[in-house]
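Colleague: model this:
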Amino acid sequence: MSERTTLTRERVTVEDPGQLIPVVRRTALVRCNPLTKIAVALILMVGALLSIDVVSAGIILGFSLLALPLTGLDLKAALRRLWFLPVGALLAAWGTAILAEKTGATVVDVGPILMTTGSLESAAAIFVRALALAIPLVVLASTIDPRDLSDALVQHLRLPETVVISILAASRLLGLLVLEWQTLSMARRARGLAGGSVLRRTRSLFAGIFVLLVQSIRRGTTLAMAMEGRAFGRPGRTWRRRSRFGTADAVVLVLAVVVAVVAVASALVLGTWNPIIPG
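Modeller: Numbers count the residues shown, from 1 in each chain. As a prediction, this is how the structure comes out:
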C-alpha cells in the first residue's frame, strides 16, 4: 500500500490510506516506540477501568484532550472521523440513566422514563469513562506505523518474525484488495455482466470472489517466496531498522503512570471511588 508524503513550508503531512487519523507532524510522541504507545494506552485504560466515577475518568479524559496537540495528528480530521465516539458514549449514558438503580431525588418522571440524581450521576460517569477509554486507544493507535510495530514485536518481544511479517503484509494489502474489488466490479459492469436478476447478481458476486481468491493466492505465494529469499525465520538474520527505546519513551511512560495514580487518588480523596469489583 503506497504512502503519500506532502511537503509544505511549515509542516510535513504523512498520509496513509489505512490510517484513521493522518499524522501532520513528527512530534516526540509520534517518534516513540510502538510498544511504549501501547503501554501508555493500557495504563490510562486501566486507570479509567478500575472505578466507575466522574473524577478518575474525567482526569484521564482531560489529560488525553490536553495532550492531543502533542500527538501530531490532524485534529480537524479527528473531529470529522471520530464523531461516533461521543455518540456511542451518549447512547451508553442514556441507557444507564434509564436502567441504573434509582437513588436520590427524582429529576425526570415521564411515563416509563424515570431518572433520578443517582442514575444521572451514573450516566455521567459512564459517558466520561467511555471517552476516557476510547480516545487514548484510538489516538495512540493512529500514530503507530505497522512496520515499526512489527520490528518492535520481533526485536523486543521475540515473537516469530515469519508470523509478524505475514500479518503486517496482510494488513498492508487490505487496501489493495478493496481497490481490486472496485476495479473488478467496474470491469464487469462495463462488460454487461452486472445487474439483472437476483440469480445473475449472485453468480456475478461469487465469480468476483473467486477471482479475488485466485489473485490473493498468487500474491501470497509471491510474498512467501520473497520472505524465504530474505531469510525470514532463519537464525542470525540482521535488521536494517533497529527498534530502540529513548528518553522520550521513559518520560511518556512515567507521565502516564502519574496521571493514572493521580486519577485514582483524587477519586479516593473526593469520595467518588466506585470500584467495579467491590472489596
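
Colleague: distance from the chain centre to the longest helix along the chain, please.
Modeller: Criterion DSSP state H: the longest helix present in the chain is helix 198-229. Its chain's C-alpha centre and that of helix 198-229 lie 28 Å apart, by CA atoms, centre = their mean, to the nearest Å.

Colleague: numbering from 16 from now on, please.
Modeller: Right, with 16 as the first residue, what we last looked at is helix 213-244.

Colleague: just checking, what packs against it?
Modeller: With contacts defined as 3 or more CB pairs under 8 Å, 6 or more residues apart in numbering; DSSP states H and E, helix 213-244 has these neighbours: helix 176-187, helix 189-205. Quick note: C-beta positions are derived from backbone N, CA and C, even for glycine.

Colleague: which of the ones you listed is buried the deepest?
Modeller: Neighbour counts (mean count of other CB atoms under 10 Å) averaged over each of those peak at helix 176-187, with a mean of 16.

Colleague: look up phi and psi at P290.
Modeller: phi -60, psi 150 (degrees, to the nearest 10).

Colleague: what is the neighbour count of it?
Modeller: Taking other CB atoms under 10 Å as the neighbour definition, P290 ends up with a count of 12.

Colleague: dump the helices and strands packed on helix 213-244 to TSV, plus mean pLDDT.
Modeller: Listed next are those as TSV, based on pLDDT from 0 to 100:
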stretch	mean pLDDT
helix 176-187	80
helix 189-205	82
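
Colleague: save those as CSV, and put in distance to L164 too.
Modeller: Written out in CSV, the entries for the helices and strands packed on helix 213-244 read as follows (distance: least, CB to CB, whole Å):
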stretch, distance to L164
helix 176-187, 8
helix 189-205, 16
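
Colleague: which one of those lies closest to R144?
Modeller: Comparison of the helices and strands packed on helix 213-244 against R144 by CB to CB identifies helix 176-187 as nearest, at 29.8 Å.

Colleague: does that closest one pack against any helices or strands, and if so which?
Modeller: Counting contacts by 3+ CB pairs under 8 Å, 6+ apart, the secondary-structure elements packed against helix 176-187 are helix 161-170, helix 213-244.
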